[in-house]
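1. how would this look folded up:
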Amino acid sequence: MFDVTLIKDETANGVRRTTFLTCPEVCSEIISIETQGDTIRSVQYVKGCHGNTQGIGSLCAGMKVSDVITRLEGID
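-> Take a look at the predicted model:
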């Protein structure tokens, strides 16, 4: 598993915005995740493979956090 560093974690109006700095082995430099309750509202990437990151972000939006973890866990 790759290491990430939490650089921001804030909640306002019931929406949590969490931002991570990734490691050199990952093509995206920053990943920002917005959740409300246990549902992902959006996932945004800075740099990386644009089409892939847009696709993953779109697929995750609206899903429960636990469902996304179950689906993506173990993918290298």
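2. so where's the chain uncertain?
-> Per-residue confidence for the chain (pLDDT under 70) gives these ranges: 1.
3. Show me the strands in it, by range?
-> 5-12, 15-21, 28-36, 39-47 (DSSP state E).
4. Buried residues, the shortest one. List them.
-> Neighbour-count burial for strand 15-21, counted by 16 or more other C-beta atoms under 10 Å, picks out 17, 19, 20, 21. Just so you know, the C-beta spots here come from the backbone N, C-alpha and C atoms, and that holds for glycine as well.
5. Name every strand pairing with that strand and say which way it goes.
-> Sheet pairing of strand 15-21 (DSSP bridges) gives strand 5-12 (antiparallel), strand 28-36 (antiparallel).
6. Of these, which is nearest residue 67?
-> With respect to residue 67, and counting by C-beta to C-beta, the nearest of those is strand 28-36 at 12.5 Å.
7. List the contacts of that closest one.
-> Outside strand 28-36, the residues within contact range by C-beta atoms under 8 Å, 6 or more residues apart in numbering are 4, 7, 14-22, 40-49, 53, 65.
8. One more: stretch 53-66?
-> By C-beta under 8 Å, 6+ apart, the surrounding residues in contact with stretch 53-66 are 28, 35, 38, 39, 40, 41, 42, 43, 44, 45, 68.
9. Which among those count as buried?
-> Neighbour-count burial (16+ other C-beta under 10 Å) applied to these gives 28, 35, 40, 43, 45, 68.
10. Tell me which two in these are the farthest apart.
-> Most distant of the buried ones among the contacts of stretch 53-66, by C-beta to C-beta, are 28 and 35, 18.3 Å apart.
11. so who does residue 17 touch?
-> Contact analysis of residue 17 by C-beta under 8 Å, 6+ apart lists 8, 9, 10, 11, 32, 33, 34.
12. I'd like the distance between residue 9 and residue 63.
-> Using C-beta to C-beta, to the nearest Å, one gets 20 Å for the distance from residue 9 to residue 63.
13. More neighbours: these two, which one.
-> A direct count of neighbours by other C-beta atoms under 10 Å for residue 9 and residue 63 places residue 63 higher, at 16 against 11.
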